[in-house]
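Chemist: Below: sequence and its predicted model.
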Amino acid sequence: MTGRPPSSDLDRRYMAAAIRLARLNEGRTGANPSVATLLVRDFGQGPVIIGSGVTALGGRPHAEPQALAEAGERARGATAYVTLEPCAHHGRTAPCADALVSAGVARVVGAAGDPDPRVCGRGYEILRRAGIEVEEGVLADNAARDLAGYLTRRTKNRLHVTLKLALSADGLMGLRGTGQVALTGEIANRQVHLMRAASDIILIGSGTALADDPALTCRLPGLEDRSPIRLVLDDALRLDPASQLAASARRTPLWIASSAPPDADKRPSLAALGAEFIAAEPLEGKLALPELLEDLAARGLSTLFVEGGAAVARSFLDEDLVDRLVLMTAPQKLADIAAGEGIVAPLTRESVPARFKPLRTAWYGPDRMDSFE
Ligand code: AOF
Ligand code: ZN
């Protein structure tokens, strides 16, 4: 038999490895997606990885030139696995497609296509014109899931939204009038911190900010510097300048979305603590979310992690702005732990709207995590 079967097992395995590698810099590459390149060559004793690269912190250099630099001359005749179509444009660096051609790579296996109008098929075309064998779309769905933020910003001009809800077994998110009630355990909370670290920006409503006084930082050992921007929807400027959020605004950016004018009560004191204000339009007693998400995308942000509370979650769901839904369900009923008026969650595992398809179920200690897309 001549030729190779398209997308062999080996191709999928190397692509899976490249996709995992790309996660290394997720959330740390600015407006650029974190993508990876693996260069693989067979010197007669089976394939070996001769170079690897991940988009650098801040977004440059891209993955390909780093992998090529590591491989050096050995890149000639190699297969390159790229999780995103190599770029075709002259930015601050030369096009990656050209770099792969000059290095003499024989074959390129790509996962996701790049919707950047400067690329958009042109990257693969440059490679094919130079006689390189190109195979597109290998594990494309897996790669696209990790690149969802970037792809959503490029194709929909808005942020990719993950809504996380922590629920008790009886579908409650907490108690009215008390502070934070610990629902999920330590292991699940660490997972949430990891999700924060991989997001560009976290959002809560001012009600949750007032009730819980959260810090919303990533506090995993070694990842303390990975806290994303924290955004509070606070049209009425209710946020307390003595809150944990405001007090930490110099260390971890705090943005406040509000339509309040610059001289509004509390605004100068919050600004003096380092908070930044995002002008948002009021709409029926709330803030207009689609416009806000567009504004944030225009600032180069891609992934939004919505952490609460119930009213904010409901607004995102009602406006069909949730791309990924994560439910953390604790085993206990809140009614068994504490007395008081429960805050009813907008949905539970049993009432997830049909437009969301189950993605994965995992256990973090006693707590169950279900994600949907
Ligand atoms: C690649 N390899 O590792 C990444 C790519 O502003 P620039 O010049 O850095 O270009 C940003 C664009 O580069 C971005 O919109 C996306 O199309 C592509 N990202 N491409 O070949 C990489 N991160
Ligand atoms: Zn590039």
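Modeler: It's in. Ligands and ions are numbered 1, 2, ... in the order given.
Chemist: what's the nearest residue to Ala88 if we skip its chain neighbours?
Modeler: Arg122 (3.8 Å; Cβ to Cβ, 6 or more residues apart in numbering). Yep, even glycine has a C-beta here, placed from its N, CA and C like the rest.
Chemist: how close does that neighbour get to Pro115?
Modeler: For Arg122, the distance to Pro115 (Cβ to Cβ, to the nearest Å) stands at 12 Å.
Chemist: and what of Leu223?
Modeler: 30 Å.
Chemist: Show me the shaky parts of the protein.
Modeler: For the chain, the stretches with pLDDT under 70 are 1-7.
Chemist: Scan it for its longest helix.
Modeler: For the chain, the longest helix by residue count, based on DSSP state H, is helix 9-22.
Chemist: buried sites along the helix or strand just after that helix?
Modeler: Using DSSP states H and E, the helix or strand that follows helix 9-22 in sequence is strand 36-42. Using 16 or more other Cβ atoms under 10 Å as the test for burial, strand 36-42 gives Ala36, Thr37, Leu38, Leu39, Val40, Arg41.
Chemist: State the number of residues packed around the single nearest residue of the chain relative to ligand 1.
Modeler: Distance from ligand 1 to each residue of the chain (Cβ to the nearest ligand atom) is smallest for Gly91, at 2.0 Å. Burial of Gly91 is recorded as 14 neighbouring residues (other Cβ atoms under 10 Å).
Chemist: what angle do the one helix or strand Thr83 maps to and strand 36-42 make?
Modeler: Here Thr83, judged by DSSP H and E, is contained in strand 79-84. Going by axes from the mean of the first three to the mean of the last three Cα atoms, to 10 degrees, strand 79-84 is angled at 170 degrees with respect to strand 36-42.
Chemist: Strands along the stretch 251-373 of the chain, start to end?
Modeler: With DSSP state E, counting those that start in this stretch, the ranges of strands along the stretch 251-373 of the chain come out as 254-258, 276-279, 282-283, 286-287, 303-308, 324-329, 342-344, 358-364, 367-372.
Chemist: and among the ones you listed, the most buried is which?
Modeler: strand 303-308 (a mean of 26; mean count of other Cβ atoms under 10 Å).
Chemist: who does that strand pair up with?
Modeler: Using DSSP bridges, the strands paired with strand 303-308 are strand 160-167 (parallel), strand 201-205 (parallel).
Chemist: quick check: angle from it to strand 324-329?
Modeler: Using the same axes, to 10 degrees: strand 303-308 against strand 324-329 is 40 degrees.
Chemist: which residues touch strand 303-308?
Modeler: Here strand 303-308 makes contact (Cβ atoms under 8 Å, 6 or more residues apart in numbering) with 27, 148-149, 159-165, 173, 195-196, 198-205, 208, 212, 214, 216, 228, 293, 296, 312-313, 316, 322.
Chemist: which among those end up buried?
Modeler: By 16+ other Cβ under 10 Å, the contacts of strand 303-308 give 27, 148-149, 159-165, 173, 195-196, 198-205, 208, 212, 214, 216, 228, 293, 296, 312-313, 316, 322 as buried.
Chemist: Pro261: neighbour count?
Modeler: Using other Cβ under 10 Å, Pro261 has 8 neighbouring residues.
Chemist: Please report phi then psi for it.
Modeler: Dihedral pair for Pro261: phi -70, psi 160, per degrees, to the nearest 10.
Chemist: so what's the nearest residue in space to it that is not next to it in sequence up against?
Modeler: Nearest residue to Pro261 in three dimensions, chain neighbours excluded: Arg267, at 7.8 Å (Cβ to Cβ, 6+ apart). Contacts for Arg267 (Cβ under 8 Å, 6+ apart) come out as Leu237, Ser258, Ala260, Pro261, Phe277.
Chemist: now do 10 Å
Modeler: Applying Cβ atoms under 10 Å, 6 or more residues apart in numbering to Arg267 gives the contacts Leu237, Leu239, Ile256, Ser258, Ala260, Pro261, Ala275, Phe277.
Chemist: Make a markdown table from these and add distance to ligand 1 to it.
Modeler: Shown next, in a markdown table, are these (distance: Cβ to the nearest ligand atom, whole Å):
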| residue | distance to ligand 1 |
| --- | --- |
| Leu237 | 36 |
| Leu239 | 34 |
| Ile256 | 29 |
| Ser258 | 31 |
| Ala260 | 34 |
| Pro261 | 36 |
| Ala275 | 29 |
| Phe277 | 28 |
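Chemist: wait, isn't Met195 in contact with Ala166?
Modeler: No. Using Cβ atoms under 10 Å, Met195 is not in contact with Ala166, being 11.8 Å away.
Chemist: which residues are in contact with both of these two?
Modeler: When contacts are counted by Cβ under 10 Å, 6+ apart, the set common to Met195 and Ala166 consists of Glu307, Val326, Met369.
Chemist: mind listing what the closest residue to the second one other than its chain neighbours touches?
Modeler: In space, Val326 comes closest to Lys164 once its chain neighbours are excluded; the distance is 4.4 Å by Cβ to Cβ, 6+ apart. Applying Cβ under 10 Å, 6+ apart, we find Lys164 in contact with 191-192, 195-196, 199, 202, 305-308, 313, 324-328, 369, 371.
Chemist: swap in Ala271?
Modeler: Contact partners of Ala271, counting by Cβ under 10 Å, 6+ apart, are Pro241, Ala249, Ile256, Pro262, Phe277.
Chemist: Leu301 contacts Ser199, correct?
Modeler: Yes. Counting by Cβ under 10 Å, Leu301 does reach Ser199; the two are 9.2 Å apart.
Chemist: Many thanks, we can stop here.
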